[in-house]
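Participant: fold the following.
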Amino acid sequence: MNTSHSSHLKRTIGLPQAVALYIGAVLGSGVLLVPGLAAQMAGPASLIAWGFMTLLILPMALSMGLLSAKFPNAGGVSHFVSMAFGPRAGALVGWFFLLSVPIGAPVAALTGAGYMTAAMGWDESVRIGIAILMLLVGLITNWFGMQVAGKIQIAVVISIVAVLTFAIIAAVPEIQAVHFTPFMPHGWTSIGQAAAILFWCFIGWEAVSHMSEEFKDPRKAAIRGVVIAAIIVGILYFLTALATVGTQSYLIGGSDASLVWIISRLLGSWGAVLAGVTGIFICTATIIAYVGASSRVAFALSRQQYAPKWMSLLSARYSTPVGGILFLSVCFGLITGLYASHIISLTTLIQLPNATFILTYLGGCAAGIRLLRESRFGWIISWISFVATAIIFPFTGWAILYPVAITIVFGVTLLIQSKYRVNKVPLWDQK
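Facilitator: Numbering: from 1, shown residues only. Alright, predicted model coming up:
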C-alpha cells in the first residue's frame, strides 16, 4: 500500500453522492426499531412526536449544511468549533466524534446482521460474521475514495428507499381507523418521552460535514443536498411510523420487528428475508457514511497536530485517508472481539457513544450560533438545533462518563505535550 503525506483531499463528491451520504448517515437502524418502540410508548399519539420531529429535521440539517457550505473542511464539526471557540475546543470535539464511531459502527453492523440472522434462523456466530463483512465494506469503499463510496451509497440508498416505499404501500390495506383509538392511551407525557427516543433517528447531519472538503461545489452539495435528504428522510420516517401505528404491527409483530411483519403479510417468508436484507443495507449505508466521516476527522486532527502523524497518511493512488481507516480497522477489530468474547454486551455498546455523539452535535450548533450570526436565518436555526439537542442531553445518563474520560485523557496529553515540546515539534512526533 503506497501512502503519502498531503494537506489536501480530492474534490470528488457531487450532489447525488452528497444526498446519498446524508440519507445514509441519518436513515439508520432507527427506522427498523424506533417506529414500533415509540408506538408502544405513546400509542397512536406517537405520530404527534413524529410530526414534530419531522418539522424539526430541517433546521437541524440546515445548521450543519450552512456551516459545511461556508467552511468546507475535513475537520467538519471539529473545524467549525475551532473557528468559533479555539483549536483546543475543536480538537476535543473532533476526538469525541472520532472515538464514537469505533463503537457506533460495530453496533450498526451487529444490528443489521441481527435482522438477517433472525429472519433466517441463523446463530450468533453467523451474525458476527455478517457484521464483520459489513464493517469491511465500509472500510474498503472508503479506501477507494468517496467517488466510489458515493456511487455505492447511491445504489444502497435507492434500494433502501424502494423497500421502505414498498412496505408502506403494502401496509395501506391493513390500516384501519380502529387502530388509532384510543389515540393517547398513556397521556401527554408519553409523547414527550417518545420524542426523546425519536431524536436519535434524526442525528447524523454532522457526520457528512467532515466530507465537505471533498465536495465539488460545497454550497450546492451541502445546502441543496441536505434539504433534499431532509425531505426524503422526514417523509420516509413519518410514513413508516404511520404504517406501523395504522396496522398495529408493533403489537402483533413486536416493536422490534414491526417492519418484518408488514412485509411478511404480503410476501410470506420471503418478506422476512427482504426485511433482513434491508436491515443490512440500511446499516451498511450508515457505516459507509460514518467511516468516511471519522477517517477524515483523524486526518484533520493529525494535520492540526492534535493526533499522531501517521493518521494523516493518504493513499498515493486514491488520495484517501488510509491512516484514519487503519485506526478504525484496529478499533473495529477490538470492539467486535470484545462483543464476540461476551466481555461487553450490545446494550452497553449502544449506550456508550450516545453522549459523545450529542456533544459533537451540540458543539456544531454552538459554533453555528457564533459563525452564522451574520445570517439571521442561519443564526435562528442554529439556536433551534442547539436547544433541541441540549434538552435531550440529560437523558444520556451514565454514558456521560465516556466523554468525561476522553476529556481527561485529552487534557493530560496536552499537558505532557506542552512540557516535552522541543523545537515546536509536537509530542506525537517525538522519537
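
Participant: all contacts plus neighbour counts: C-alpha atoms, from now on.
Facilitator: Noted.

Participant: now do the contacts for residue 51.
Facilitator: residue 238 (CA atoms under 8 Å, 6 or more residues apart in numbering).

Participant: if I look at it, how far off is residue 240?
Facilitator: 12 Å (CA to CA, to the nearest Å).

Participant: could you do residue 293 as well?
Facilitator: Residue 293 is 28 Å from residue 240, by CA to CA.

Participant: in terms of neighbours, single out the busier of these two.
Facilitator: For residue 293 versus residue 240, the count of surrounding residues by other CA atoms under 10 Å is larger for residue 293: 28 against 25.

Participant: okay but the more buried one is in contact with residue 210, surely?
Facilitator: Yes: counting by CA atoms under 8 Å, residue 293 does reach residue 210; the two are 5.1 Å apart.

Participant: next helix or strand past whatever helix or strand residue 113 lives in?
Facilitator: Using DSSP states H and E, residue 113 sits in helix 101-120. The helix or strand immediately downstream of helix 101-120 is helix 124-144, counting by DSSP H and E.

Participant: output that following helix as CSV - backbone C-alpha positions only.
Facilitator: Extracted as CSV, the C-alpha positions of helix 124-144 are listed here (Å, rounded to 0.1, in the frame of the first residue of the first chain):
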residue,chain,number,x,y,z
GLU,A,124,-24.8,-15.7,16.8
SER,A,125,-21.6,-16.7,15.1
VAL,A,126,-23.2,-16.0,11.7
ARG,A,127,-24.4,-12.7,13.0
ILE,A,128,-20.9,-11.7,14.0
GLY,A,129,-19.5,-12.9,10.6
ILE,A,130,-22.0,-10.8,8.7
ALA,A,131,-21.3,-7.8,10.9
ILE,A,132,-17.5,-8.1,10.2
LEU,A,133,-18.3,-8.2,6.4
MET,A,134,-20.4,-5.1,6.7
LEU,A,135,-17.6,-3.3,8.5
LEU,A,136,-15.1,-4.4,5.8
VAL,A,137,-17.4,-3.0,3.1
GLY,A,138,-17.4,0.4,4.9
LEU,A,139,-13.6,0.4,5.3
ILE,A,140,-12.8,-0.8,1.7
THR,A,141,-15.2,1.5,-0.1
ASN,A,142,-13.7,4.5,1.8
TRP,A,143,-10.2,3.3,0.9
PHE,A,144,-11.1,3.5,-2.8
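
Participant: I'd like the next helix or strand past that helix.
Facilitator: Immediately after helix 124-144, counting by DSSP H and E, sits helix 146-171.

Participant: pull the distance from that following helix to the chain's centre.
Facilitator: 16 Å (CA atoms, centre = their mean, to the nearest Å).

Participant: that one: which residues count as buried?
Facilitator: 146-154, 156-157, 160-161, 163-164, 167-171 (16 or more other CA atoms under 10 Å).

Participant: so where does the residue nearest to residue 54 when sequence neighbours are not counted fall, helix or strand?
Facilitator: Spatial nearest neighbour of residue 54, excluding adjacent residues (CA to CA, 6 or more residues apart in numbering): residue 234 at 5.0 Å. Taking DSSP H and E as the criterion, residue 234 maps to helix 225-247.

Participant: that helix vs helix 146-171, what angle?
Facilitator: Angle of helix 225-247 versus helix 146-171, following axes from the mean of the first three to the mean of the last three CA atoms, to 10 degrees, is 30 degrees.

Participant: summarise which helices and strands helix 225-247 is packed against.
Facilitator: Judged by 3 or more CA pairs under 8 Å, 6 or more residues apart in numbering; DSSP states H and E, the packing partners of helix 225-247 are helix 15-26, helix 30-42, helix 46-70, helix 146-171, helix 258-267.

Participant: mind doing that once more with 7 Å?
Facilitator: Helix 225-247 sits against helix 15-26, helix 30-42, helix 46-70, helix 146-171, with contacts defined as 3 or more CA pairs under 7 Å, 6 or more residues apart in numbering; DSSP states H and E.

Participant: just the CA coordinates of the first one, formatted as PDB?
Facilitator: Spelled out, it's helix 15-26. Output of helix 15-26 as PDB, limited to C-alpha atoms (Å, rounded to 0.1, in the frame of the first residue of the first chain):
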ATOM      1  CA  LEU A  15     -24.800  16.500  -5.400                       C
ATOM      2  CA  PRO A  16     -26.200  12.900  -5.900                       C
ATOM      3  CA  GLN A  17     -23.400  11.400  -3.800                       C
ATOM      4  CA  ALA A  18     -23.900  14.100  -1.100                       C
ATOM      5  CA  VAL A  19     -27.600  13.400  -0.900                       C
ATOM      6  CA  ALA A  20     -27.000   9.700  -0.600                       C
ATOM      7  CA  LEU A  21     -24.300  10.200   2.100                       C
ATOM      8  CA  TYR A  22     -26.700  12.400   4.100                       C
ATOM      9  CA  ILE A  23     -29.600   9.900   3.800                       C
ATOM     10  CA  GLY A  24     -27.200   7.000   4.700                       C
ATOM     11  CA  ALA A  25     -25.900   8.800   7.800                       C
ATOM     12  CA  VAL A  26     -29.400   9.700   9.100                       C
END
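
Participant: list the helices and strands that helix packs on?
Facilitator: Partner elements for helix 15-26 (3+ CA pairs under 7 Å, 6+ apart): helix 146-171, helix 205-208, helix 225-247, helix 269-303.

Participant: again, only this time at 6 Å
Facilitator: Counting contacts by 3 or more CA pairs under 6 Å, 6 or more residues apart in numbering; DSSP states H and E, helix 15-26 is packed against helix 146-171, helix 225-247, helix 269-303.

Participant: residue 147 against residue 14, yeah?
Facilitator: No: look at residue 147 against residue 14 with CA atoms under 6 Å: they stay out of range, at 8.6 Å.
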